[in-house]
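Q: Here is my input, please return the structure:
(chains A and B)
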Amino acid sequence: MTPERARRAVAEALSAAFERVTGIRRLVQVVEPHDASFGDLSTQIALEAAGGLGMNPGKLARELAESADLPADIVGRISVAGHGFLNMTFSDSYLDSYAFELGTDGLLGFLPRASGAGRALVEYVSSNPTGPLSVGHCRQAVLGEAIARLLEATGWKVEREYYFNDAGRQTALLGESLAARYFTLAGTPMPVPEGGYQGGYISEWAGDLLASRPGLSWPGDSEVFTSYARDRAMDLIVSDLSLLGIVFDRFFNESSLVPVAAAAALERLSSVNTGEGSLVYENPPGSGKMWLRLTALGRPEDRVVRRENGMFTYRMPDMAYHLDKFARGYDLLVDIFGSDHLDTSRDVTAALEALLGREEVSRRLKIVLHQFVTLLREGRKVKMSTRSANFVTLRELVEEVGSADVTRYLFLTRRAEAHMDFDLELAARQSDENPVYYVQYAHARICGILGTAAAGGIEPPAALSGFAGRLSDPAERKLIRLLELVPCRVISAADALEPQRITELLAEIATAFHSFYQKIRVVDPAERELSSARLLLCRACRNVIRDLLGILSVEAPERM
RNA sequence: GCGCCCGUAGCUCAGCUGGAUAGAGCAGCGGACUUCUAAUCCGCAGGCCUCGCGUUCGAAUCGCGACGGGCGUACCA
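A: As a prediction, this is how the structure comes out:
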């Protein structure tokens, strides 16, 4: 019995009671009361519905409690509280058998949604291949990976994809920047183009290229420079990502969409009539410059999608790319972007809705926008700018923090849409100010207990009969009840695409365990059966911490 | 100007699909190590949930409007 199924069974029993009492079919929502003293599950259905039915909420609640045929193996008690809250308490047998399975098999078996999940594609990072990844990309990489793992944990088949912008002007500019360094090194100085890339890494690439391919010319060999720079940038990005343990299933090249697929997408958009004329129009007439009539779709401005020179602007292949992703048949498409992408992504979404229908797009496409990171060093903001290469790279960040785990965890303690101050000194400090150690320490502590028990010949019970009914201390019950909440909390974090809820959950579990540890002596040779049961609870807790940290790609150390 | 995000304890932030007394960490103060790891625990203190109006049985949560901060507002990506 997974906690999700248990709640569903309770909700169905209450819905049936509601129908018997009021004659109305309605799905009753069951939630956890914020104060544990109210019980384990609660519903406000009587408060919500009484007004519309002209009934007294308290009376309705009492009748519902009376009528409800709740599954006895799950709910031990139901009561009416306040103006009409219905509070329920889990039966001990339900909690014990859950904890036993958790301690025996771990958390992951409880996570897949009962209703099932399909195939998902998560697109993240998708940074321009023009240099090393920055701190901002780091947040996105960590966020995207955690979302991907969260979906996997809850039963989705996930593919990770990186959209590689290798066809636009920036790529050409990068190639020219490389050429400038190349010819300067070769003794015929060439200026870095206006707005070009200045990073020291470009000079390094130029040196390597000069060594392997001397005698190139400009602009005759521009394609050589561009593709060399692109390949080097890609290698750099792949290696930066590997610092965080991130591996993409696919790098989808923008260049593969240009010009054929982008032109086909433009053609499809042209066939849409908005009521204010075709969705695509040419202006000035005969110029070849094509505009997308986004104002007809509720967007603030029309946008150029093809320039006079025939080149597509960024939005056009991006639309083609999304059409491609939709056509590949995923049940869920997740896009993770920085907030600077807001306008573009809204435009792309509007165009997709015009082609595929609003309902289809909103059901299958979820866009997560994250706000920027402000890096603090010695309490002051670190200013950054990409083109001038004056920025802190992902690699520098991870090295300065000294740990990929800490970097990941800290980025995941804030909601995506919250601005984030990342304090480098705090992150690098190995102290109790650093939340990741608090959680890892709980795990290490439990492993210590397991070791002590094993050395003393105490084993966790092999069957439920050796566990059920043995743990009655309030500290033990409290821990079991918290562990029972975990699967539903993980599922809702996955639904919301908010891995930050997992770090919160971990902190809560660690707190509960540390507190339990303080009050309860687990290994007691004089009480072998009790010790054995407690050991199983510890193992359940360890399994949960380990599995949740796994979703965040953070190590669960056995010793600290 | 316009669009979006944010505004909750001294600081950093949870809580936001409306529910019972608004939470955590850090910082501050006071306690707890002959016991499985004190990177821990227990307690105290700290709040006009930015402000105003509205929606309703009920608002930190939803709507409108101010104010403050961020991002964007390209024929870059």
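
Q: Once you drop chain neighbours, what's closest to the residue in the stretch 251-400 of chain A that RNA strand B sits nearest to?
A: As assessed by Cβ to the nearest atom of the strand, RNA strand B sits closest to A:Y314 within the stretch 251-400 of chain A, at 2.8 Å. C-betas here are computed from N, CA, C, even on glycine. In space, A:Y314 comes closest to A:G168 once its chain neighbours are excluded; the distance is 6.0 Å by Cβ to Cβ, 6 or more residues apart in numbering.

Q: My guess is that neighbour contacts A:E254. True?
A: Yes. A:G168 is within contact range of A:E254, at 7.1 Å (criterion: Cβ atoms under 8 Å).

Q: Where do the strands of chain A begin and end?
A: Here chain A has its strands, by DSSP state E, at A:41-43, A:75-81, A:85-90, A:119-123, A:157-164, A:250-253, A:280-282, A:290-292, A:303-306, A:332-338, A:365-370, A:373-377, A:380-381, A:420-423.

Q: related to what we said a few turns ago, more neighbours, A:G168 and A:E254?
A: Each of A:G168 and A:E254 has its neighbours counted (other Cβ atoms under 10 Å); A:E254 has more, 23 against 17.

Q: Let me know the pLDDT of the more buried one.
A: Per-residue pLDDT puts A:E254 at 92.

Q: Could you report the neighbour count for A:V436?
A: 25.

Q: Hmm, it is touching A:G402, no?
A: No. A:V436 is beyond contact range of A:G402, at 11.9 Å (criterion: Cβ under 8 Å).

Q: CA atoms only: put stretch A:54-71 into PDB for me.
A: Below are the C-alpha coordinates for stretch A:54-71, written out as PDB (Å, rounded to 0.1, in the frame of the first residue of the first chain):
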ATOM      1  CA  GLY A  54     -27.500  25.700   3.500                       C
ATOM      2  CA  MET A  55     -26.200  23.400   6.100                       C
ATOM      3  CA  ASN A  56     -24.300  23.900   9.300                       C
ATOM      4  CA  PRO A  57     -20.600  22.800   8.700                       C
ATOM      5  CA  GLY A  58     -20.300  21.100  12.100                       C
ATOM      6  CA  LYS A  59     -23.400  19.100  11.600                       C
ATOM      7  CA  LEU A  60     -22.400  18.100   8.000                       C
ATOM      8  CA  ALA A  61     -19.000  17.000   9.300                       C
ATOM      9  CA  ARG A  62     -20.600  14.800  12.000                       C
ATOM     10  CA  GLU A  63     -22.900  13.200   9.500                       C
ATOM     11  CA  LEU A  64     -20.000  12.500   7.200                       C
ATOM     12  CA  ALA A  65     -17.900  11.000  10.000                       C
ATOM     13  CA  GLU A  66     -20.800   8.800  10.900                       C
ATOM     14  CA  SER A  67     -21.500   7.700   7.400                       C
ATOM     15  CA  ALA A  68     -17.900   7.200   6.200                       C
ATOM     16  CA  ASP A  69     -16.900   3.600   5.600                       C
ATOM     17  CA  LEU A  70     -13.200   4.200   5.900                       C
ATOM     18  CA  PRO A  71     -10.700   1.400   5.200                       C
END
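
Q: Can you name the residues of the stretch 251-400 of chain A that neighbour RNA strand B?
A: A:254, A:289, A:300-301, A:303-304, A:307-308, A:311, A:313-314, A:339-344, A:369, A:371-372 (Cβ under 7 Å from any atom of the strand).

Q: and A:A475, what does it touch?
A: A:S515, A:F516, A:K519, A:I520 (Cβ atoms under 8 Å, 6 or more residues apart in numbering).

Q: try 6 Å
A: Residues in contact with A:A475, defined by Cβ atoms under 6 Å, 6 or more residues apart in numbering, are A:F516, A:K519, A:I520.

Q: The nearest residue to the last one once chain neighbours are set aside and A:L537, how far apart?
A: When the adjacent residues along the chain are set aside, A:I520 lies closest to A:A475, with 5.5 Å between them (Cβ to Cβ, 6+ apart). As judged by Cβ to Cβ, to the nearest Å, A:A475 and A:L537 stand 10 Å apart.

Q: Pull the number of nearby residues for A:E558.
A: 15.

Q: where does the closest residue to it other than its chain neighbours sit relative to A:F513, distance-wise?
A: Closest residue in space to A:E558, ignoring its immediate chain neighbours: A:C447 at 4.1 Å, by Cβ to Cβ, 6+ apart. Taking Cβ to Cβ as the measure, A:C447 falls 12 Å from A:F513.

Q: These two - which one has more neighbours?
A: Regarding A:C447 and A:F513, a neighbour count based on other Cβ under 10 Å identifies A:F513 as having more, with 25 against 19.

Q: And the pLDDT for the more buried one?
A: Confidence at A:F513, expressed as pLDDT, is 95.

Q: What of A:T386?
A: According to the prediction, A:T386 has pLDDT 56.

Q: again with A:A494
A: pLDDT for A:A494: 91.

Q: Report how many residues lie close to the nearest residue to it once chain neighbours are set aside.
A: Take A:A494 and drop its neighbours on the chain: the residue closest to it by Cβ to Cβ, 6+ apart is A:T154, 4.2 Å away. A:T154: 21 surrounding residues under other Cβ under 10 Å.

Q: Tell me how far A:T154 lies from A:V21.
A: In terms of Cβ to Cβ, A:T154 sits 35 Å off from A:V21.

Q: what does A:S492 give?
A: Per Cβ to Cβ, A:S492 is found 29 Å from A:V21.

Q: Lowest mean pLDDT across the strands of chain A, which one is that?
A: strand A:380-381 (a mean of 74).

Q: Need the contact partners of that strand.
A: Here strand A:380-381 makes contact (Cβ under 6 Å, 6+ apart) with A:T374.

Q: Stretch A:522-529 too?
A: Taking Cβ under 6 Å, 6+ apart as the rule, stretch A:522-529 contacts A:I449, A:T452, A:A453, A:G456, A:S531, A:R534, A:C538.

Q: if you set the cut-off to 10 Å instead, what comes out?
A: With contact meaning Cβ atoms under 10 Å, 6 or more residues apart in numbering, stretch A:522-529 is reached by A:446, A:449-459, A:461, A:466-467, A:470, A:516, A:521, A:530-535, A:537-538.

Q: Among the contacts of A:A475, which one has the most neighbours?
A: A:F516 (23 neighbours).

Q: Apart from its neighbours in sequence, what residue is nearest A:P3?
A: Leaving aside its chain neighbours, A:P3 sits nearest to A:P487 (4.7 Å; criterion: Cβ to Cβ, 6+ apart).

Q: Look up how far A:K157 lies from that neighbour.
A: A:P487 is 19 Å from A:K157, by Cβ to Cβ.
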